[in-house]
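1. structure of the sequence below:
(chains A, B, C and D)
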2 protein chains.
Amino acid sequence: MARRKVSNPLAFAVLGSLGERPMHPYEISTMLRSRGKDGSIKLNYGSLYSVVTALEKAGFIEAVETVREGNRPERTIYAITAQGRAEFDDWLAELLGTPEKDFSQLEAGLAYLPAFAPDRVAELLEQRAGVLEQEIAKLKGMHDQMRSQQFPEIFWIESDFRVALLRTEVTYARRLAERIRTDDLAGTEFWRRTHELVAELGVQPADLLRDPVKYFGVDFAWLREVPPEAR
Amino acid sequence: MARRKVSNPLAFAVLGSLGERPMHPYEISTMLRSRGKDGSIKLNYGSLYSVVTALEKAGFIEAVETVREGNRPERTIYAITAQGRAEFDDWLAELLGTPEKDFSQLEAGLAYLPAFAPDRVAELLEQRAGVLEQEIAKLKGMHDQMRSQQFPEIFWIESDFRVALLRTEVTYARRLAERIRTDDLAGTEFWRRTHELVAELGVQPADLLRDPVKYFGVDFAWLREVPPEAR
DNA sequence: GAGCGAATACTCGATTTCGAGTAATCGAGA
DNA sequence: TCTCGATTACTCGAAATCGAGTATTCGCTC
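-> Alright, predicted model coming up:
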């Protein structure tokens, strides 16, 4: 069985919301949106309702009332249980205290950099940096406004952290693009040459590495260190 | 229909791997592991085989051969198709050039900070920072070794980026813990007091905000700016 | 040469996740 | 008063995800 009975982060948000007061699912979703928490925790309706059902089955929340207004669908109001509070407590402690691997899309892309020619990569990275900068500016605008309203920082600290991550990404992307363009990145010449040869001779990159002396005029020491299964 | 026919990042890695040469699925998995790409792209067997099937159905890869060695299960060897190459190309360009929102667990945790008392939060954040520092040290050790072998940096750049992200997280966590402890974070006193009152009086946090003058002796200007659905 | 742990190469089915679709109501303007 | 877009409140089924389980073989030691 999975570590948590309901492991979707949205379930964590549901527990957190119901910890404040009983609500019906749709109300949880609007509250999350209006507080901007949907920027930190992925919210979608399909997941919301299935997660609520799962939390109920696990005994973390319970239906306390169903009301019907006019001809609208019934709204079931849920409240958190004692086990639910314990689960939320444990979960928050884990989220804060125990880092678990996040997978970022840029990381995935970087893992396959050699597939593109250096200049193409540099261009794309600069494009990314530009978009991210706009995103940062937007967030900073919101922060300035909240700060000017004396709105306590704890209520939007996650967004501030987000800015820190985005800044790191922008800086990294810009810097990497620069290093690629100036051949400062160790091995860029080899990388560049590989793509030239592939374009000129129509061979596969793997062929080039099978006979480096022929194609590059040198034997790469590091090639000998690569275990066969990574070839 | 989803933007991509097969959207799991592992599918991207499969396309990237088969772009080098034809392989059978298990071989892809061992190669990803030995190259450490499984640190950047989540790899698990269940997903691997279903993703390979989906890629085949979409025409991005095709079975070229099935071999059987001894009594072992048959291994089906797949190769990438022209459409598959186009898809990989498009996908990599998107991963690099177009940022898409990543959700980090710390961000999710920070979104619910007010639920814990300030000191508890500071403690957990410092615990997190400690663990992350070990992780960073491990990665840096690997990088030093690869650098000393002259192993081209493009082949492990994603891991270097990972270190940049982890560093940001450590710095942020340490700094935030410090700001909480020293009441430098705007609103920390209010936050601290809230938890004291909840502990002393046994009331709900929401009740305190319903009559701030009574509990805090002041009226919070920012409270009036909070729209009712965020209450 | 028997025993055993690691590696090989998957399979399976139970959850989870998703997001488009639906259907009613409300409010603003023509 | 009629219309039309936005909001409310959810449903549904297809697709994705997962990770534990299985069965074989290899290499090593005792």
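2. what ranges do the helices span in chain A?
-> Remark: helices assigned in chain A by DSSP state H are A:9-18, A:25-34, A:45-57, A:82-97, A:105-110, A:118-148, A:157-181, A:188-201, A:205-210, A:212-216, A:221-225.
3. which parts of the fourth one are buried?
-> Yep, that's helix A:82-97 we're talking about. For helix A:82-97, the buried set under the neighbour-count rule, 16 or more other C-beta atoms under 10 Å in any protein chain shown, comprises A:84, A:87-88, A:91-97. C-beta: built from backbone N, CA, C; applies to glycine.
4. surely residue A:126 is in contact with residue A:173?
-> Yes - shown here, residue A:126 and residue A:173 form a contact pair, counting by C-beta atoms under 8 Å, at 7.2 Å.
5. close to chain B as well: tell me which of the buried residues of helix A:82-97 qualify.
-> With C-beta under 8 Å from any C-beta of the partner chain as the criterion, those include A:88, A:92-93, A:95-97 near chain B.
6. residue A:126 and residue A:173: who's more crowded?
-> residue A:173 (26 against 16; other C-beta atoms under 10 Å in any protein chain shown).
7. dump the residue contacts of that one.
-> By C-beta atoms under 8 Å, 6 or more residues apart in numbering or on different chains, residue A:173 lies in contact with A:106, A:125-126, A:128-129, A:132.
8. next: residue A:133.
-> Going by C-beta under 8 Å, 6+ apart, residue A:133 touches residue A:170.
9. phi, psi for the residue nearest the centre of chain A please.
-> Closest residue to the average C-alpha location of chain A: residue A:104 at 5.0 Å, with C-alpha atoms, centre = their mean. In terms of degrees, to the nearest 10, the main-chain angles of residue A:104 are phi -100, psi 150.
10. over to residue A:44?
-> The phi/psi pair for residue A:44 (degrees, to the nearest 10) reads phi -150, psi 150.
11. give me the number of residues near it?
-> 10.
12. can you check residue A:112 too?
-> Burial measure for residue A:112: 24 neighbouring residues, criterion other C-beta under 10 Å.
13. just checking, residue A:152 touches residue B:193?
-> No - Residue A:152 is not in contact with residue B:193 according to C-beta under 8 Å; the separation is 11.6 Å.
14. more neighbours, the two?
-> Shown here are residue A:152 and residue B:193; by other C-beta under 10 Å, residue A:152 has more neighbours (20 against 15).
15. not counting sequence-adjacent ones, nearest residue to that one?
-> residue B:187 (2.6 Å; C-beta to C-beta, 6 or more residues apart in numbering or on different chains).
16. please report phi then psi for the one you found.
-> phi 100, psi 0.
17. mind putting the helices of chain A in TSV, distance to residue B:166 included?
-> As requested, the helices of chain A are arranged in TSV below (distance: least, C-beta to C-beta, whole Å):
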stretch	distance to residue B:166
helix A:9-18	20
helix A:25-34	28
helix A:45-57	28
helix A:82-97	16
helix A:105-110	11
helix A:118-148	19
helix A:157-181	10
helix A:188-201	25
helix A:205-210	31
helix A:212-216	34
helix A:221-225	25
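18. for the closest residue to residue A:114 other than its chain neighbours, list the residues it contacts.
-> Leaving aside its chain neighbours, residue A:114 sits nearest to residue B:154 (5.4 Å; criterion: C-beta to C-beta, 6+ apart). Shown in contact with residue B:154 (C-beta under 8 Å, 6+ apart): A:113-114, A:185, A:187-188, A:191.
19. tally of neighbours for residue A:34?
-> Residue A:34: 15 neighbours (other C-beta under 10 Å).
20. from residue A:141, how far out is it?
-> Separation of residue A:34 from residue A:141 (C-beta to C-beta, to the nearest Å): 18 Å.
21. related to what we said a few turns ago, so who does the residue nearest to residue A:152 touch?
-> In this structure, residue B:187 makes contact with A:151-155, judged by C-beta under 8 Å, 6+ apart.
22. farthest pair in those?
-> Across the contacts of residue B:187, no pair lies farther apart than A:151 and A:154, at 9.7 Å, counting by C-beta to C-beta.
23. how many neighbours does whichever residue of chain A sits closest to DNA strand C have?
-> Closest to DNA strand C within chain A is residue A:46: 2.0 Å, counting by C-beta to the nearest atom of the strand. Other residues within reach of residue A:46, judged by other C-beta under 10 Å, total 7.
24. what about chain A, any weak spots by pLDDT?
-> A:1-2, A:68-73 (pLDDT under 70).
25. so it: which segments form each domain?
-> A:2-97, A:105-185 (automatic domain parsing).
26. touching, residue A:115 and residue B:19? I think so.
-> Yes - between residue A:115 and residue B:19 there is a contact at 6.7 Å, judged by C-beta under 8 Å.
27. what's the overlap in contacts for the two?
-> What both residue A:115 and residue B:19 touch, as defined by C-beta under 8 Å, 6+ apart, is the set residue B:88.
28. OK, contacts around residue A:177?
-> Contacts for residue A:177 (C-beta under 8 Å, 6+ apart) come out as A:121-123, A:125-126, A:129.
29. could you export those as a markdown table, including distance to DNA strand D?
-> Shown next, in a markdown table, are these (distance: C-beta to the nearest atom of the strand, whole Å):
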| residue | distance to DNA strand D |
| --- | --- |
| A:121 | 25 |
| A:122 | 30 |
| A:123 | 29 |
| A:125 | 25 |
| A:126 | 29 |
| A:129 | 27 |
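30. pick the one among those closest to residue A:214.
-> residue A:121 (26.2 Å).
31. the closest one reaches residue A:178, doesn't it?
-> No - judged on C-beta under 8 Å, residue A:121 makes no contact with residue A:178 at a distance of 11.9 Å.
32. nice, that's everything, thank you.
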